[in-house]
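In: have a look; sequence and predicted model below, questions after that.
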Amino acid sequence: LDEFVAVTGHHRKHAMRLLRDGGAAPAARRGRRGRVYDAAMREALIVLWEASDRVCGKRLRPLLPVLVEAMERHHHLQLAPEVRVGVLAMSAATIDRVLREVRTAAGGATRRRTPPSAALRRSVPVRTFADWGDPAPGFFEADLVWHSGPTARGSYVQTLVLTDIASGWTECAPLLVREQVLVTEVLNEVRRVLPFPLLGFDTDNDTAFLNETVRDYCAAAGVAFTRCRPYRKNDQAHVEQKNGAVVRRIVGYRRLEGLEAAAALAELYRSVRLFVNFFQPSFKLAEKSRDGAVVRKRYHAPATPYQRLLEDARVPEEVRARLRAMASGLDPVRLLRDIRAAQQRLVEMADRTGVGEHAAPTQPTLEEFLKGLRTAWREGEVRPTAQPKPKAKRERRRPDPFAKVTAQLHAWFCASPWLTARELLARLQAEMPDSYPEALLRTLQRRLKQWRGDAARQLVFGAGSEATAGSGGEATGAPVAATGVADEATGMT
């Protein structure tokens, strides 16, 4: 062993392993599996993810066929056949894996109120989370969401949220002030726009609900009025989940007060109700079992409230026909554009510091909004109600080393899109010796990656799509004859 180590120069332990194994060559490493979904499919998935308001992969997977069909029907999306097949074939785990980098980049005391009387509490029956069973569509849980901002002083707008137990259908309506008569008036307006009748109204023990006015209204309208147990929020798990997933996600936590804010919130909810109920899949608990301290839950496949209503045999056929007629005319991209515009108006109204008039924000056209879905993930959080104060964009601090030869490099790329950045740099060094050292390889790789991204977007959206501006101000978009080129820096095809 000493002689073998002295001759070969190996470490003693390594020499022992070689002699023990008989000098067998190490097993070849398994090669990396090639990518199944290329850059074109990734760009198409990003657009669809933005159009769905950034839902997770498990919720986006069953929505993709509906969303692609709706966007193609309204001429917002034109996918090549191979791209369309690839996007629709993605699993939920693959969707989350493809969007991982995109998601990363996008990345007070209460007042004590007088409780209702004992006689009133006894007149309203208690319903727990275990008492629902499988009710027909029409039994709603209701709750109030405060838009008081950091302090609960004074008067502020509140949102009345109603969630159907059977289908998950959610309705939101603003309350200008907290008042029991106003609750019944808003509830009456909600009943007019519901696609099916209101059969049950289950609330918490808030005095805005638990009073003679609301109780008598429900009795006169033939609506079953029930309440949860005090201090048991899990009794209203359905609507509590929508408080965060719909209201807080869409409206945020700013303080809203006054008639103008209530009107702007009502305008926002007109688009939200259609987008959430027709284009936002959600999970529904199918079974829950307990084994000691372990609780196992099984869920139905994700579906939108609209899909659950169509599949429920207890829904009358005229209600289904009305829902199908509504769904056939809905454009998810237009609804999302209207939501973003209403959110922006609400934010400017809540952040207003002066008393003078403010110019109305310019609303982008449908084509401009659709074009922005392709790159919206690069800007981080796009919901105006969740955006922090914008920071100044950092500009290029060093001069572009390829400023003089950008046009020439781009011409070489268009003529031979299969060339790698190293080959382009070598060609450039041959023509201009001692001008472009090897240290610029990474800069050229990033430039080439951007050009290939533009080529992939042209494959998805056609040659009519506008090119984006690259770093340094040069034009990066140009028709590319070949696609499916491998990027040596990212491994993307």
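Out: That came in fine, so what should we check first? Numbering: from 1, shown residues only.

In: show me what the helix or strand of the chain with the lowest mean pLDDT is packed against.
Out: With mean pLDDT, DSSP states H and E as the measure, the helix or strand of the chain carrying the lowest mean pLDDT is helix 366-372 (a mean of 75). If you count contacts as 3 or more C-beta pairs under 8 Å, 6 or more residues apart in numbering; DSSP states H and E, helix 366-372 packs onto helix 332-350. From N, CA and C alone the C-beta is placed, and that goes for glycine too.

In: any idea of the mean pLDDT for the helix it packs on?
Out: Helix 332-350 comes out with an average pLDDT of 91.

In: may I see the buried residues of that helix?
Out: 332-347, 349-350 (16 or more other C-beta atoms under 10 Å).

In: could you measure from Ala237 over to Pro137?
Out: For Ala237, the distance to Pro137 (C-beta to C-beta, to the nearest Å) stands at 18 Å.

In: more crowded one of these two?
Out: Between Ala237 and Pro137, counted using other C-beta atoms under 10 Å, the more crowded position is Pro137 (24 against 15).

In: how about the secondary structure of that one?
Out: What DSSP: H, G, I helix; E, B strand; the rest coil gives for Pro137 is coil.

In: wait, isn't it in contact with Leu309?
Out: Yes. If you go by C-beta atoms under 8 Å, Pro137 and Leu309 touch, sitting 6.1 Å apart.

In: what's the strand or helix carrying Thr184 packed up against?
Out: Using DSSP states H and E, Thr184 maps to helix 180-193. Other helices and strands packing on helix 180-193, by 3+ C-beta pairs under 8 Å, 6+ apart, are strand 158-164, strand 170-175, helix 212-221.

In: switch to 10 Å and redo it
Out: Counting by 3 or more C-beta pairs under 10 Å, 6 or more residues apart in numbering; DSSP states H and E, the packing neighbours recorded for helix 180-193 are strand 139-146, strand 158-164, strand 170-175, helix 212-221, helix 259-279.

In: quick one: low-confidence ranges for this structure?
Out: Applying pLDDT under 70 to the chain picks out residues 23-33, 108-114, 353-362, 387-393, 395-396, 460-493.

In: what segments of it are strands?
Out: Applying DSSP state E to the chain gives strands spanning 139-146, 158-164, 170-175, 200-203, 224-227, 285-291, 294-299.

In: quick check: neighbours of the second one in the sheet, parallel or antiparallel?
Out: The strands that strand 158-164 pairs with in its sheet are strand 139-146 (antiparallel), strand 170-175 (antiparallel) (by DSSP bridges).

In: turn those strands into TSV, columns for distance to His10 and mean neighbour count.
Out: Putting the strands paired with strand 158-164 into TSV (distance: least, C-beta to C-beta, whole Å; neighbours: other C-beta atoms under 10 Å) gives the following:
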stretch	distance to His10	mean neighbour count
strand 139-146	70	22
strand 170-175	69	23
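
In: what do Pro137 and Leu309 both touch?
Out: By C-beta atoms under 10 Å, 6 or more residues apart in numbering, Pro137 and Leu309 have these common neighbours: 164, 166-169, 195-196, 315, 319.

In: please, a ChimeraX command that selects the buried ones among the residues you listed?
Out: Here is the ChimeraX selection string for the buried members of the shared contacts of Pro137 and Leu309, based on 16+ other C-beta under 10 Å:
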select :164,166,167,168,169,195,196,315,319
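
In: how much space separates Asp131 from Ile165?
Out: Distance from Asp131 to Ile165, by C-beta to C-beta: 11 Å.

In: more neighbours, the two?
Out: Between Asp131 and Ile165, Ile165 has the larger neighbour count (other C-beta under 10 Å), namely 21 against 13.

In: quick one, phi/psi of the more buried one?
Out: Ile165 adopts backbone torsions of phi -70, psi -40, taken as degrees, to the nearest 10.

In: shared neighbours, Asp131 and Ile165?
Out: By C-beta under 10 Å, 6+ apart, Asp131 and Ile165 have these common neighbours: Asp202.

In: is it correct that Phe413 is in contact with Lys449?
Out: No. In this structure Phe413 lies outside contact range of Lys449 using C-beta atoms under 10 Å: 11.3 Å.

In: if you count surrounding residues, which of these two has more?
Out: Phe413 (21 against 16).

In: nearest spatial neighbour of the more buried one, skipping sequence neighbours?
Out: Leaving out its chain neighbours, the residue that sits closest to Phe413 by C-beta to C-beta, 6 or more residues apart in numbering is Trp451, at 5.7 Å.

In: what's the burial count for the one you found?
Out: Here the number of neighbours of Trp451 (other C-beta under 10 Å) works out to 21.

In: contact partners for His11?
Out: 5, 17.

In: measure it to Arg352 for me?
Out: Using C-beta to C-beta, we find His11 at a distance of 72 Å from Arg352.

In: list the contacts for Gln429?
Out: Contacts of Gln429 by C-beta under 10 Å, 6+ apart are 435-438, 440.

In: between the residues you listed, which is nearest Leu210?
Out: Leu440 (71.6 Å; C-beta to C-beta).

In: how about the contacts made by the closest one?
Out: Listed by C-beta under 10 Å, 6+ apart, the contact set of Leu440 reads 401-402, 421, 425, 428-429, 447.

In: in PyMOL, how would I select the buried members of those?
Out: Buried subset of the contacts of Leu440, written as a PyMOL selection, criterion 16+ other C-beta under 10 Å:
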select buried, resi 402+421+425+428+447
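
In: name the nearest residue to Gln344, ignoring sequence neighbours.
Out: Pro384 (4.5 Å).

In: the one you found against Val347, yeah?
Out: Yes. Using C-beta under 10 Å, Pro384 is in contact with Val347, at 4.5 Å.

In: quick check: beta-bridge partners of Val126?
Out: When bridges are called by DSSP bridges, Val126 pairs up with Arg227.

In: these two touch, right, it and Arg229?
Out: Yes. With contact defined as C-beta under 10 Å, Val126 reaches Arg229; the gap is 5.8 Å.

In: common neighbours of the two, please.
Out: Overlap of the contact sets of Val126 and Arg229 (by C-beta under 10 Å, 6+ apart) consists of 205, 235.

In: how close does Thr443 get to Leu428?
Out: Distance of Thr443 to Leu428, given as C-beta to C-beta: 12 Å.

In: any shared contact partners between the two?
Out: If you check Thr443 and Leu428 against C-beta under 10 Å, 6+ apart, the residues they both contact are 402, 436.

In: what sits against the residue nearest to the spatial centre of the chain?
Out: The C-alpha lying nearest the average C-alpha coordinate of the chain belongs to Arg54 (C-alpha atoms, centre = their mean; 1.3 Å). With contact set as C-beta under 10 Å, 6+ apart, Arg54 has these partners: 60, 99, 102-103, 106, 249, 376-377, 381-383.

In: just the buried subset of the residues you listed, please.
Out: Judged by 16+ other C-beta under 10 Å, buried ones among those: 60, 99, 102, 106, 249, 376-377, 382-383.

In: and those residues, which of them are in helices?
Out: Among the buried ones among the contacts of Arg54, the members found in helices (DSSP state H) are 60, 102, 106, 249.

In: dump the residues you listed to a markdown table, plus distance to His147.
Out: Listed next are these as a markdown table, based on distance: C-beta to C-beta, whole Å:
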| residue | distance to His147 |
| --- | --- |
| Leu60 | 29 |
| Val102 | 30 |
| Ala106 | 25 |
| Arg249 | 14 |
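
In: which pair of the residues you listed spans the longest distance?
Out: Farthest apart among those by C-beta to C-beta are Val102 and Arg249. That separation is 18.3 Å.
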